[in-house]
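Student: sequence unknown, structure follows:
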């Protein structure tokens, strides 16, 4: 998407629709003030279920309770999973 200069923005603010090749278009502002990036720590703090799953995954890895991708593919092929 291309940014527009201040003059073009002023024109668009005054007239929110235009016609091009016989078709009418309307310009709508998108409110993206809530589109922000969070850290994993913030996500975990907000979501207790995510925290539980991540702690369980860490425990499983430490205890060796996991399968490699190749092991999982073989289990799927053989109908074990």
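Tutor: Done, it's in. What you see is a predicted model; the values in this text were computed from it and never measured.
Student: pLDDT weak spots in this structure?
Tutor: Filtered on pLDDT under 70, the chain yields the residue ranges 1-15, 31-35.
Student: just the strands in it please.
Tutor: Secondary structure of the chain (DSSP state E): strands at 17-20, 23-26.
Student: tell me how far the ends of stretch 22-40 are from each other?
Tutor: 49 Å (CA to CA, to the nearest Å).
Student: that older thread, out of the strands of the chain, which comes closest to residue 57?
Tutor: Of all those, it is strand 23-26 that lies closest to residue 57, at 47.0 Å by CB to CB. C-beta here means a position set from N, CA and C on the backbone, and glycine is covered the same way.
Student: run the chain-centre distance for that closest one.
Tutor: 30 Å (CA atoms, centre = their mean, to the nearest Å).
Student: by contact count, what packs against that strand?
Tutor: In terms of contacts (3 or more CB pairs under 8 Å, 6 or more residues apart in numbering; DSSP states H and E), strand 23-26 is packed against strand 17-20.
Student: can you give the distance of the strand it packs on from its chain's centre?
Tutor: On the basis of CA atoms, centre = their mean, strand 17-20 sits 32 Å off its chain's mean C-alpha point.
Student: so for residue 54, which of the strands of the chain sits nearest?
Tutor: Evaluated with CB to CB, those place strand 23-26 nearest to residue 54, the distance being 44.1 Å.
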